[in-house]
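**Student:** dropping a prediction and its sequence here:
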2 protein chains.
Amino acid sequence: MTNHLHFRLLGISAKQILVIALLAMLAVPCMAQRNEEASAASNGIFPKGKLGPSDNFTGKAWNYGLVAADSTLTTVLGNVYFEPGARSHWHTHPAGQILVITDGSGYHQIKGQPRKTLKKGDVVTCPPDVLHWHGAGPQTGMQQLYIVPNTEKGIVKWMQAVTDEEYNNPK
Amino acid sequence: MTNHLHFRLLGISAKQILVIALLAMLAVPCMAQRNEEASAASNGIFPKGKLGPSDNFTGKAWNYGLVAADSTLTTVLGNVYFEPGARSHWHTHPAGQILVITDGSGYHQIKGQPRKTLKKGDVVTCPPDVLHWHGAGPQTGMQQLYIVPNTEKGIVKWMQAVTDEEYNNPK
């Protein structure tokens, strides 16, 4: 081994190359980790799931079901990842809804009320039979868990699309 | 500046020190980022909240309420951060429960069934009036959202502590 330490590369000794290699080994996983995080921002805690139909969504909204409606828990749970600019159409829930923002940021608006900005950690509720929409910000994705309680009353009634004017109006 | 490049430190030229420093600059933020992640694992999406009472929990379990019981949504939502080794006592929910693991890993056990290992992204349900417990792994924290539906039937009935023997037995 000692002989190997005598060779030189670009005027740098083998010993010095070893030091550089050691530091490079610390740096490379760091870069790999950053890429992983960039990908997590569009995937979050759950798999991306299925693309929501254009009948109910503007832009790309990915739905991943977690708990289906049944007669015991009577609660539907799932995750939606809204890509930047994507949002639901206006809709109502016969028994209301709870939204939990787990990453990114976006909007929630109840008809007749100002548009609310939502970010990671925010929780909002919507009362039964009240028209609302939710989605990502124009430049930011949003990960949200949705909880629909008392599904024996129904789950969702879809209405018209949220126009660009409505989407961009904070009031 | 050129003159400065002629000095040598421990047999390494200034030029070579510059290369090493550059690599070190890549490596150091990497380590800082890792520390940040370790801290995120104990804080997650929500504030830590209040320490759960020792009457209902073994070890440190932090509860942060998100949606309180009401007569409209009839759903309680909150977050618990279990520190490593912490777990709930045995308990039942009159209308069942949904758990969503948002970070870390731990356990869920329904009385008479094997202990299940849970990790980030897992969702488990517990039927009404069934005895269960949940908590962190011995070496890992766990962040969980809990959803208690149909709160008009009641929320939780606390029972005896989970012994170390029960906690450590996978069957």
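**Tutor:** All right, it came through fine.
**Student:** distance of the spatially most central residue of chain A from residue A:49?
**Tutor:** Nearest to the mean C-alpha position of chain A, by C-alpha atoms, centre = their mean, lies residue A:143 at 2.3 Å. Residue A:143 sits 11 Å away from residue A:49, taking C-beta to C-beta, to the nearest Å as the criterion. Yep, even glycine has a C-beta here, placed from its N, CA and C like the rest.
**Student:** kindly report the same for residue A:135.
**Tutor:** 16 Å.
**Student:** ditto for residue A:68
**Tutor:** Applying C-beta to C-beta to residue A:68 and residue A:49 gives a distance of 13 Å.
**Student:** got the contact list for the residue nearest to the centre of chain A?
**Tutor:** A:44, A:45, A:79, A:80, A:81, A:101, A:102, A:103, A:104 (C-beta atoms under 8 Å, 6 or more residues apart in numbering or on different chains).
**Student:** higher neighbour count, residue A:68 and residue A:49?
**Tutor:** residue A:49 (16 against 11; other C-beta atoms under 10 Å in any protein chain shown).
**Student:** gap between the more buried one and residue A:55?
**Tutor:** 17 Å.
**Student:** repeat that for residue A:114.
**Tutor:** For residue A:114, the distance to residue A:55 - C-beta to C-beta - is 27 Å.
**Student:** need the contact list for the residue nearest to residue A:48 when sequence neighbours are not counted.
**Tutor:** Leaving aside its sequence neighbours, residue A:48 sits nearest to residue A:62 (C-beta to C-beta, 6 or more residues apart in numbering or on different chains; 4.5 Å). Neighbouring residues of residue A:62 by C-beta under 8 Å, 6+ apart: A:48, A:49, A:50, A:51, A:52, A:80, A:81, A:83.
**Student:** just the element for residue A:62, please.
**Tutor:** strand A:61-67 (DSSP states H and E).
**Student:** next one: residue A:47
**Tutor:** Using DSSP H and E, residue A:47 falls outside every helix and strand.
**Student:** let me know the pLDDT of the nearest residue to it once chain neighbours are set aside.
**Tutor:** Nearest residue to residue A:47, sequence neighbours excluded (C-beta to C-beta, 6+ apart): residue A:64, at 5.6 Å. Listed pLDDT for residue A:64 reads 98.
**Student:** against residue B:164, how distant is residue A:64?
**Tutor:** 37 Å.
**Student:** how about low-confidence regions in chain A?
**Tutor:** Residues of chain A that meet the criterion pLDDT under 70 lie in A:1-43.
**Student:** tell me what the biggest strand by length in it is packed against?
**Tutor:** If you go by DSSP state E, chain A has its longest strand at strand A:97-110. Strand A:97-110 sits against strand A:76-82, strand A:116-119, strand A:123-126, strand A:132-136, strand A:142-148, with contacts defined as 3 or more C-beta pairs under 8 Å, 6 or more residues apart in numbering or on different chains; DSSP states H and E.
**Student:** among those strands, which comes closest to residue A:94?
**Tutor:** Closest of those to residue A:94 is strand A:142-148, at 9.1 Å (criterion: C-beta to C-beta).
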